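**Q** need a structure here:
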Amino acid sequence: MQGEPCTKLAEKSMLTSSDKLVLYQFNYFYSTRWEKIGLFIVIFLALLFLASLFDKHPDVLN
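**A** This is a model prediction of the structure:
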């Protein structure tokens with residue numbers, strides 16, 4: 001997970017537990033958000049690729 005290095009850094013530094021919790025939630029939110037965006041982009045590109053294949057080879061559908 002993307003959030004791991006920052007939480008390890010927070011554990012090594014002299015932060016209070018509430019600071020660690022806020023930092024962890026912040027990292028978790030952003031890592032999951034970017035994973036969702038990345039997944040959406042990959043699916044979108046795959047659909048474009050499949051659409052272009054079907055456009056070039058209409059006999060595939062038969």
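**Q** now stretch 21-31: mean pLDDT?
**A** Across stretch 21-31, the average pLDDT comes to 71.
**Q** actually, stretch 50-61.
**A** Mean predicted confidence for stretch 50-61 is 71.
**Q** so which elements touch the longest helix anywhere in the chain?
**A** Across the chain, the longest stretch assigned as helix under DSSP state H is helix 17-56. For helix 17-56, the contact count by 3 or more CB pairs under 8 Å, 6 or more residues apart in numbering; DSSP states H and E identifies helix 4-12 as packing neighbours. All C-beta spots, glycine's among them, are computed from the backbone N, C-alpha and C.
**Q** next, count neighbours for residue 20.
**A** Using other CB atoms under 10 Å, residue 20 is surrounded by 15 other residues.
**Q** and residue 35, by the same measure?
**A** Neighbours of residue 35 (other CB under 10 Å): 12.
**Q** now swap in residue 23 and tell me
**A** Residue 23 has 18 nearby residues by other CB under 10 Å.
**Q** and it, how close does it get to residue 17?
**A** 11 Å (CB to CB, to the nearest Å).
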